[in-house]
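Q: can you look at this prediction? I've put the sequence above it.
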Amino acid sequence: MRRIVIVLMALFAMSFHCQKSFCQECVLSAGDEKVAREVMRDIHEADLKAGSGLTLSQMMVMAAEALVGTPYVAGTLDEDPVEEKLRIYLTKTDCILFVETCLALAKTVDDAGESEPELEDFINNVARMRYRTDPPFSYGDRVHYTTEWVRRMEGTVLHDMTLELGGEVYDHPVYFMSSHPESYKQLAEADDIPRAALNLLKIREVEEELNRSPMTYIPKTKLSQASGQIKSGDIICFSTTIGGLDISHVGIAYVKDGVAGFIHASQKDGKVEIDSRTIEEYVRSRSNLSGIKVIRPL
């Protein structure tokens, strides 16, 4: 199993440097393209002024700050339950798409170095983060569980800091999607529609694979000790008590004056915002959260 994981990580690292373009498969409006170009331009200019010294984490924070105020819209990728497309939005978002978009914007600028970051590279980065296959995409090919999203980039783009910051292994297998197909348009009629049945089969296979490795988190009781080691730009994954579900919310750490807060796409407030609460306060305020995972951009 360890050999398989190493091979998969190597293949994923190689995919970030391949020449394949996903632009023709992409749904990207003029407004969303404009925002993407502006954010990358601003980050690139700041990096040049810093002597190309900005880290990926710092670029992540800059991207997040630039998107503050963006409306929260649930189900942004599922507008068409039949045709799966690479849909990229910067004028609306949900929590995981916000983090994914910020990471893709930052990585594109970081990879460009002193050169101008290209929109095509941004699109390609989103595609490689979101799907585990080449087009034509299917719903089952999309990376749905945050745990898989993190593991696919472990060691190449991201590093899971959870255990290093005092986290622990816990028994919390994932099975929510396959156990609740009625909650997803693309899975709901798996008994009657072959396409839905195939999507559900792929989801089950992913869940089985994820459950072969242990789940980790920093429980609520250890948040005080871990908070002081969180850095701006870290991806904060909020683990949940809901059976079968790994992560119920994500955000980007925003450390100011030594206090670990976060920027996120808030469903409650309907927009991307710098939350007034610390990460610890947010977790303790919600009974359905069990703790956090801390993922650091490399």
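A: Now that the structure is in, tell me what you want to look at.
Q: of all residues in this protein, which one is nearest the centre?
A: Glu100 (4.1 Å; Cα atoms, centre = their mean).
Q: buried sites along the helix or strand hosting it?
A: Counting by DSSP states H and E, the element that carries Glu100 is helix 95-112. Applying a neighbour-count criterion of 16 or more other Cβ atoms under 10 Å, one finds 95-112 buried in helix 95-112. The way it works is simple: take the backbone N, C-alpha and C, and place the C-beta from them, glycine included.
Q: surely Leu201 touches Tyr139?
A: No: counting by Cβ atoms under 8 Å, Leu201 sits too far from Tyr139 to count as a contact (11.5 Å).
Q: other SSEs contacting the helix or strand hosting Val150?
A: Using DSSP H and E, the element containing Val150 is helix 146-153. Packing partners of helix 146-153 (3 or more Cβ pairs under 8 Å, 6 or more residues apart in numbering; DSSP states H and E): helix 2-15, helix 95-112, helix 119-130, strand 158-160, helix 194-210, strand 235-240, strand 247-256.
Q: one step back: please say which of Leu201 and Tyr139 ends up with more neighbours.
A: A side-by-side neighbour count of Leu201 and Tyr139, using other Cβ atoms under 10 Å, places Tyr139 first with 23 against 13.
Q: ok, that one to Val150 distance?
A: 20 Å (Cβ to Cβ, to the nearest Å).
Q: ok, now Arg132?
A: Using Cβ to Cβ, we find Arg132 at a distance of 13 Å from Val150.
Q: got a list of contacts for the helix holding Val150?
A: 8, 12, 96, 100, 129, 132, 143, 158, 160, 174, 206, 210, 213, 215, 235, 237, 246-247, 250, 293, 295 (Cβ atoms under 8 Å, 6 or more residues apart in numbering).
Q: quick one, phi psi at Cys26?
A: phi -100, psi 140 (degrees, to the nearest 10).
Q: now do the contacts for the residue lying closest to it once chain neighbours are set aside.
A: Sequence neighbours aside, Leu86 is the residue nearest to Cys26 in space, at 4.6 Å (criterion: Cβ to Cβ, 6 or more residues apart in numbering). Contact analysis of Leu86 by Cβ under 8 Å, 6+ apart lists Phe22, Glu25, Cys26, Val27, Ile123, Val126, Ala127, Arg130, Tyr131, Pro135, Phe137.
Q: what about stretch 245-254, distance to the chain center?
A: Centroid separation for stretch 245-254 versus its chain: 9 Å, with Cα atoms, centre = their mean, to the nearest Å.
Q: just the C-alphas of it, formatted as CSV.
A: Extracted C-alpha coordinates of stretch 245-254, given in CSV (Å, rounded to 0.1, in the frame of the first residue of the first chain):
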residue,chain,number,x,y,z
LEU,A,245,-18.4,12.9,6.7
ASP,A,246,-14.8,13.9,7.1
ILE,A,247,-14.8,17.7,6.9
SER,A,248,-17.8,20.1,7.0
HIS,A,249,-16.1,23.4,6.5
VAL,A,250,-12.7,24.9,5.4
GLY,A,251,-11.0,28.2,5.6
ILE,A,252,-7.6,29.9,5.4
ALA,A,253,-5.7,30.8,8.6
TYR,A,254,-5.3,34.6,9.2
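Q: let me see the domain layout of the protein.
A: 2-153, 158-297 (automatic domain parsing).
Q: could you dump the ones you listed into JSON lines with mean pLDDT added?
A: Shown next, in JSON lines, are the domains of the chain (pLDDT from 0 to 100):
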{"stretch": "domain 2-153", "mean pLDDT": "89"}
{"stretch": "domain 158-297", "mean pLDDT": "97"}
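Q: more neighbours: which of Arg132 and Val150?
A: Val150 (22 against 18).
Q: where's the more buried one relative to Met161, distance?
A: Distance check for Val150 against Met161: by Cβ to Cβ, it reads 11 Å.
Q: do Glu189 as well
A: Taking Cβ to Cβ, one finds Glu189 at 41 Å from Met161.
Q: tell me what angle the helix holding Val150 forms with strand 235-240.
A: If you take axes from the mean of the first three to the mean of the last three Cα atoms, to 10 degrees, helix 146-153 sits at 150 degrees to strand 235-240.
Q: if we can go back for a sec, of the contacts of Leu86, which is the most crowded?
A: Val126 (25 neighbours).
Q: any idea which element the residue of the chain most remote from its centre lies in?
A: Distance from the C-alpha centroid of the chain peaks at Asp192, with 31.9 Å (Cα atoms, centre = their mean). Asp192 belongs to no helix or strand when assigned by DSSP H and E.
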